[in-house]
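Asks: here is my input; please provide its structure:
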Amino acid sequence: MLKINITRYQQNYSSLNVRRRWYLSALGMLGIASYLRPSLALASASEAMEAMTKIVGANRIEDGRVKLVIPPLVENGNLVVLKVNIESPMTENNYVKVVHVIAEGNPLPNIFSAFFTPRSGRAEVTTRVRLADSQRVWAIAQMSDGSFWRGHADTLVTLSACTEMI
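Replies: The predicted structure follows:
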């Protein structure tokens with residue numbers, strides 16, 4: 001009886017080890033592939049457009065009112081200063097609800113979202129982000145009336161972030 005239980009334990013333990021080894025080898029291959037061809041781990045412009053479509057749905061996006069400022073040349077993609085400013089009176093009837101920032105070349109296109117209320121005073125965000133590669137960054141603002149506005153900026157990154165070497 002004891003021998004049967006030990007055998008059953010060994011079989012279960014062996015199958016766990018096989019599964020664990022398979023998962024670790026798959027993760028290792030993904031890491032090696034990302035190291036050899038980092039572009040495989042980056043989002044494409046079409047994925048960024050899909051992310052924008054998920055945000056706005058069937059609504060139309062207007063150009064203007066959103067000013068996105070990023071340095072045109074960045075030495076290191078680990079700390080990139082990004083500033084978004086949206087023209088809005090920020091009153092009870094007319095204000096910015098949310099701003100979404102999307103990068104075309106990062107592993108995940110959605111960088112962040114910032115939420116506002118009329119009490120925010122100004123629709124302005126300044127932060128630091130990580131950029132994986134030279135790319136176009138988009139800012140999409142949703143207004144209280146349901147309209148969407150966008151702006152973009154291009155930047156050249158000499159030392160990439162988001163794709164650390166293994």
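Asks: how about the helices in this protein?
Replies: Applying DSSP state H to the chain gives helices spanning 2-36, 45-56.
Asks: which stretch in those has the least confidence?
Replies: For the helices of the chain, mean pLDDT drops lowest on helix 2-36, to a mean of 54.
Asks: just confirm residue 122 contacts residue 90, I think it does.
Replies: Yes: between residue 122 and residue 90 there is a contact at 6.5 Å, judged by Cβ atoms under 8 Å. Quick note: C-beta positions are derived from backbone N, CA and C, even for glycine.
Asks: with neighbour numbers in mind, choose between the two.
Replies: Neighbours per residue (other Cβ atoms under 10 Å) separate residue 122 from residue 90, with residue 90 holding more: 18 against 11.
Asks: ok, the closest residue to the more buried one other than its chain neighbours - contacts?
Replies: In space, and not counting its chain neighbours, residue 90 is closest to residue 118: 5.6 Å by Cβ to Cβ, 6 or more residues apart in numbering. By Cβ atoms under 8 Å, 6 or more residues apart in numbering, the contact list for residue 118 reads 90-92, 95.
Asks: so residue 138 is in contact with residue 151, correct?
Replies: Yes: judged on Cβ under 8 Å, residue 138 makes contact with residue 151 at a distance of 7.5 Å.
Asks: mind checking how far the residue nearest to residue 90 is from residue 157?
Replies: To residue 157, residue 118 is 36 Å away according to Cβ to Cβ, to the nearest Å.
Asks: now swap in residue 124 and tell me
Replies: Between residue 124 and residue 157 the computed distance is 24 Å (Cβ to Cβ).
Asks: those two: who's more crowded?
Replies: When neighbours are counted by other Cβ under 10 Å, residue 124 and residue 157 differ, and residue 157 comes out ahead with 22 against 17.
Asks: could you find the closest non-adjacent residue to the more buried one?
Replies: Once flanking residues are discounted, residue 157 sits nearest to residue 77: 4.3 Å by Cβ to Cβ, 6+ apart.
Asks: okay but the one you found is in contact with residue 135, surely?
Replies: No: contact between residue 77 and residue 135 fails when scored by Cβ under 8 Å: they sit 9.6 Å apart.
Asks: what sits in contact with each of the two?
Replies: Here residue 77 and residue 135 have residue 157 as joint contacts, going by Cβ under 8 Å, 6+ apart.
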